[in-house]
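Peer 1: Predicted model, plus sequence, below.
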Amino acid sequence: MFELIDVKYQEVVDIPHLYITKGQTVLLGASGSGKTTVLKLLNKMISPTQGRILFCGNDLKQLPSVDHRRNVMMLSQNPIMFEGNIRDNLTIAFKFQERVIPGDEELYKILGKVQLEKGLDTPVNLLSGGEKQRLALGRIFLLDPSVYLLDEPSSSLDQDTEDKIIKMVSEHIKKANKSAVMITHSKSVAEKYGDEIIEMAQGKILYRRLRDECNK
Amino acid sequence: MNAINDLSIWQVMLAYVFVLVVLAITSIRGIGREKEILISSVRMTIQLVLTGYVLVYVFANPSPLLTALIIVLMECFAIYTVFNRFKGRLSKKLKITIALSMLVGTLACLLYFLFIVVRIDPWYDPQYFIPIAGMMVGNSMTGIALGVKSLIDGMSIQRNLVEEALILGATPQFAMTSIVNNTFEAAIMPTINSMLGMGIIFLPGMMTGQILSGTSPATAVNYQIAIMLGIMGSVAITVILMLQLGYRSFFNEEDQLV
C-alpha cells in the first residue's frame, strides 16, 4: 500500500526503505522515535525533505493533497474539537468535504459504536479527554476513509475502555475491508491486532515483521 | 455665505497652548511621554507646512504627471507604513499580497469615485485627485493594517484548528474561513462605526474643512456622504483582496501549513 524510498524528514525521520502492506499495521516505539511524523508523511500533512513515498504505486507528490487526506485520514493523538456540540463536531468534516450531512440516527449509531453515551446537543467543552478522543474516533469512522492513520487512539482511555475500543476499531477496519496504520506504546496491543508490526527508534526502523513471524 | 476667516501664524501659534496643556498633564502625572508629544507636534507641523507648499505648487501647475507622481508616493508610503508596522512578521508572499491589494483596491475605487461619481474635469485635476486619494489610501492603509494584525493573530491562536480542518479533508480556503471572516470584520468595523456616529456625535474633518472654507453645508454634506461610501468601499475591497490572496501565504503548493 505505502512504499517509503530513502525518506528523510529533517533530523526526525530517516528511512532507507519501508513497505506498509494493506491491512492493519502497528507502529511501535518510544516517544520521540518519529512515529507521528511518519503518519503525517503518509497523510501528506508534511512532505519528506528527501526521498519519495508511494501510495498504491503513485508518488504522493503527484496526488492532490486534499483528495489524498480525504482518502487516507489521520486521527491525532490529541484531536482538536471545534466550537459547538457533539453533532457539530461529528458533521463538520462533511461540510469541509462538501458531502451530504448524515442524519441524527446515523450519528447516534456511531456514538454507540465508540461507546459515548451522550446526547448530540451536549457541548464538547463538557466532555473529558477520553470522551473527546472517542468522539474524534467516531468522526473519522463516519467519514469512512480507505485508510485510517491512528495516532494512539486510546491514549486517554482507561485499560478496560482501551481494550474495547481497540477491538472495535480492529473489527470495524477488517469488516469494512479497510486498512489502518496505528501507533501504540503497547506491545500487547501490537501483538494482538497488528497484521504487521514496525518498531521505530530515533527516527529509524528497528524492524518490520508480520504477526505470524512474531508468534513463532 | 460669510467670507473665510483666515488664520494668521500668530493665531495658529495660540493653538499650541493645547500642546503645553498636554505636556503639563503628562509631566505632573509622571507619565513620561513628553518627548513623543513634542516630536509628534513638531513633526505634524512640519509635514503639513511642507504638504501645503507642495499643494500650492501642484494646484498652480496642474499636470497629469505630477498628480500621478503624488498618488504613487502616497501608495508607496502607505505600503511602507504597513510593512514597517509588522517588521519581521511578514513573509515575502504576504508583502507582495499587501502591496498588490493596496494598489488595486484603492486605485479601482479612486478612479471610479473621481470619474464616475464626481466626474472631474480635467481628469487629473489635483484639487480633487489628491485629497480624495489621501482619504481613501489612508483609510485603506488603516484597514489593511488591522486586517494583517488580525490575520496573523488569528493564525497563531487558531493554528491547531486550521490543522485539524486540513486533517479532516478541508481545503486551505475552507480551513481559513473563520479567520478570514473575523479579520474582515475587524478591519471594516472602525469605518462602519465612524459612519454610525457621523453627523450626530461628530462632524467629519473633510466636511468641517469645506464648511469653514465657505462651501455651502448642503454641498459639503453631499461630498461627505459620497466620500464615506467611497472610503468604505475602498477599505472593504482592499482588505478582502488582501485576505483572498493573503491566506495562501500560510500554505505551500502542497496545501500544507508553513
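Peer 2: Arrived safely.
Peer 1: going forward, measure contacts between C-alpha atoms and count neighbours the same way
Peer 2: OK.
Peer 1: ok, the strand or helix carrying B:Ala165 near chain A or not?
Peer 2: Following DSSP states H and E, one finds B:Ala165 within helix B:159-167. Yes - counting by Cα under 8 Å from any Cα of the partner chain, contacts between helix B:159-167 and chain A involve B:160-161, B:164-167.
Peer 1: Mind listing residues that contact that helix?
Peer 2: Applying Cα atoms under 8 Å, 6 or more residues apart in numbering or on different chains, the contact partners of helix B:159-167 are A:43, A:45, A:66, A:69, A:73-75, A:79-82, A:93, A:96, B:172, B:175-176, B:257.
Peer 1: do stretch B:10-19 as well
Peer 2: B:37-38, B:41.
Peer 1: Kindly check the end-to-end length of it for me.
Peer 2: End-to-end distance for stretch B:10-19: 15 Å, by Cα to Cα, to the nearest Å.
Peer 1: Give the buried residues for it.
Peer 2: By neighbour count with 16 or more other Cα atoms under 10 Å in any protein chain shown, stretch B:10-19 contains no buried residues.
Peer 1: ok, now stretch A:30-39?
Peer 2: For stretch A:30-39, burial by neighbour count (16+ other Cα under 10 Å) applies to A:33-39.
Peer 1: ok, of these, which one's closest to chain B?
Peer 2: Nearest to chain B among these is A:Leu39, at 11.3 Å by Cα to the nearest Cα.
Peer 1: contacting residues for the closest one?
Peer 2: By Cα under 8 Å, 6+ apart, the residues touching A:Leu39 are A:74, A:149, A:151, A:181.
Peer 1: circling back: filter the contacts of stretch B:10-19 to the buried ones?
Peer 2: Judged by 16+ other Cα under 10 Å, buried ones among these: B:Ile37.
Peer 1: Sitting in helices, which of the contacts of stretch B:10-19 do you find?
Peer 2: B:37-38, B:41 (DSSP state H).
Peer 1: Downstream of the helix holding B:Ala165, the next helix or strand is which one?
Peer 2: Toward the C-terminus, helix B:159-167 is succeeded by helix B:172-175 as the next helix or strand (DSSP H and E).
Peer 1: Near B:Thr142, how many other residues are there?
Peer 2: The tally of other residues near B:Thr142 (other Cα atoms under 10 Å in any protein chain shown) stands at 20.
Peer 1: how about the residues of chain B near chain A?
Peer 2: Residues of chain B lying close to chain A by Cα under 8 Å from any Cα are B:160-161, B:164-171, B:174-175, B:254-257.
Peer 1: what about 6 Å?
Peer 2: Chain B has residues B:168-170, B:256 near chain A, with proximity defined as Cα under 6 Å from any Cα of the partner chain.
Peer 1: Which members of those are the farthest-apart pair?
Peer 2: Greatest spacing in these, by Cα to Cα: B:Leu168 and B:Gln256 (13.0 Å).
Peer 1: More neighbours: the two, which one.
Peer 2: Ranked by neighbour count (other Cα under 10 Å), B:Leu168 and B:Gln256 place B:Leu168 first, with 26 against 18.
Peer 1: okay, that one: pLDDT?
Peer 2: pLDDT for B:Leu168: 94.
Peer 1: For A:Val100, give its distance to B:Thr177.
Peer 2: From A:Val100 over to B:Thr177 (counting by Cα to Cα), the distance is 20 Å.
Peer 1: Mind checking which of these two has more residues around it?
Peer 2: Each of A:Val100 and B:Thr177 had its neighbours counted (other Cα under 10 Å), and the higher figure belongs to B:Thr177 (13 against 9).
Peer 1: give me every residue that touches A:Met1.
Peer 2: Listed by Cα atoms under 6 Å, 6 or more residues apart in numbering or on different chains, the contact partners of A:Met1 are A:20-22, A:55-56.
Peer 1: So what touches the longest helix along chain A?
Peer 2: Ranked by residue count, the top helix of chain A under DSSP H comes out as helix A:159-175. Residues outside helix A:159-175 that contact it (Cα under 6 Å, 6+ apart) are A:Ser154.
Peer 1: I would like the residues contacting the next helix or strand after that helix, please.
Peer 2: The helix or strand immediately downstream of helix A:159-175 is strand A:179-183, counting by DSSP H and E. Applying Cα under 6 Å, 6+ apart, the contact partners of strand A:179-183 are A:22-27, A:147-152.
Peer 1: Stretch B:181-191 too?
Peer 2: Contact with stretch B:181-191 is made by B:143, B:146-147, B:150-151, as judged by Cα under 6 Å, 6+ apart.
Peer 1: Output the residues you listed as a markdown table; include the columns pLDDT.
Peer 2: Shown next, in a markdown table, are the contacts of stretch B:181-191 (pLDDT from 0 to 100):
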| residue | pLDDT |
| --- | --- |
| B:Gly143 | 94 |
| B:Leu146 | 94 |
| B:Gly147 | 94 |
| B:Ser150 | 93 |
| B:Leu151 | 94 |
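Peer 1: Export those residues as a markdown table, with columns for distance to A:Arg134.
Peer 2: Output for those, formatted as a markdown table (distance: Cα to Cα, whole Å):
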| residue | distance to A:Arg134 |
| --- | --- |
| B:Gly143 | 43 |
| B:Leu146 | 39 |
| B:Gly147 | 37 |
| B:Ser150 | 33 |
| B:Leu151 | 32 |
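Peer 1: from those, which ones fall inside helices?
Peer 2: Per DSSP H, the contacts of stretch B:181-191 map to helices at B:143, B:146-147, B:150-151.
Peer 1: can you redo those as JSON lines with neighbour count?
Peer 2: Shown next, in JSON lines, are the ones in helices among the contacts of stretch B:181-191 (neighbours: other Cα atoms under 10 Å in any protein chain shown):
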{"residue": "B:Gly143", "neighbour count": "26"}
{"residue": "B:Leu146", "neighbour count": "20"}
{"residue": "B:Gly147", "neighbour count": "25"}
{"residue": "B:Ser150", "neighbour count": "20"}
{"residue": "B:Leu151", "neighbour count": "24"}
